[in-house]
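Visitor: I would like the atomic coordinates for the input below:
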Amino acid sequence: MLGRVMGGLVVLMLGGCDAEEDPGPVADEDDPGCVRAQALELDGCPELLGESHCSEGREHVPLLSPVDYDANPPHSGPHYPSATYWGLHQSAVDRGTYVHNLEHGGIVLAYDCTDCDDELRVLANLVAERPDMRILVTRDVELPSRFAAISWTWSWSFEAVDADALMCFIDQHEGFAPENIAK
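Guide: Have a look, this model is predicted:
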């Protein structure tokens, strides 16, 4: 496996080796207090998707207690003690729960729209196409955009769903978190 530094972030490239050597977050070489999750550059994906952020921590807080996040959508930070099931959720999963799912190495595909049935079918198809991956789809009315793809310390906000790009985001970011817990 080849590793290289890009803007203080360790980025791994797949080259026929096992990609699960050390998927946990690493300190940014330019700012050791900033811990970021790794990601993969993959053939077939035009670029590394999403914006990398410093971790906001991983403290567990009491269920239903108010949690404030610096980032919108949240990509890390204080969260509730229990994660929820992977897949498409019919009712909104609160941020304090879905951040716990992110801590377990998953991807959250969030949306804030009511006129997006076609796009939601695309998101549901992505989950169905990758049953072995940890993907959670939920509504989040606090999003700054119609859609967001989120992993531990990474976020990507967008207005229109692109299934190929989302598959790249999922493949680049799933499994890189402090508690990489199998599905």
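Visitor: mind listing the strands for the protein?
Guide: In the chain, the strands defined using DSSP state E lie at 2-6, 9-13, 26-28, 31-36, 39-41, 51-52, 87-88, 107-111, 135-139, 147-151, 154-158.
Visitor: Nearest to R121, out of those strands?
Guide: strand 87-88 (10.0 Å; Cβ to Cβ). Yep, even glycine has a C-beta here, placed from its N, CA and C like the rest.
Visitor: Run through who's touching the top helix by length along the chain.
Guide: The residue-count maximum for a helix in the chain (DSSP state H) belongs to helix 117-129. Helix 117-129 has contacts (Cβ atoms under 8 Å, 6 or more residues apart in numbering) with 86-88, 109, 111, 113, 135, 137, 146-147, 160-161, 163, 166-167, 170.
Visitor: Go again with 6 Å.
Guide: G87, L88, L109, I135, V137, V161, A163, L166 (Cβ atoms under 6 Å, 6 or more residues apart in numbering).
Visitor: Same question for stretch 83-94.
Guide: Contacts for stretch 83-94 (Cβ under 6 Å, 6+ apart): T97, H100, N101, H104, A124, V127, R134, L136, V137, T138, R139.
Visitor: give me the number of residues near the first one?
Guide: For T97, the number of neighbouring residues by other Cβ atoms under 10 Å comes to 20.
Visitor: For the most centrally placed residue in the chain, give me the pLDDT.
Guide: Closest to where the C-alpha atoms of the chain average out (Cα atoms, centre = their mean) is S151, at 1.3 Å. Looking at S151, its pLDDT is 98.
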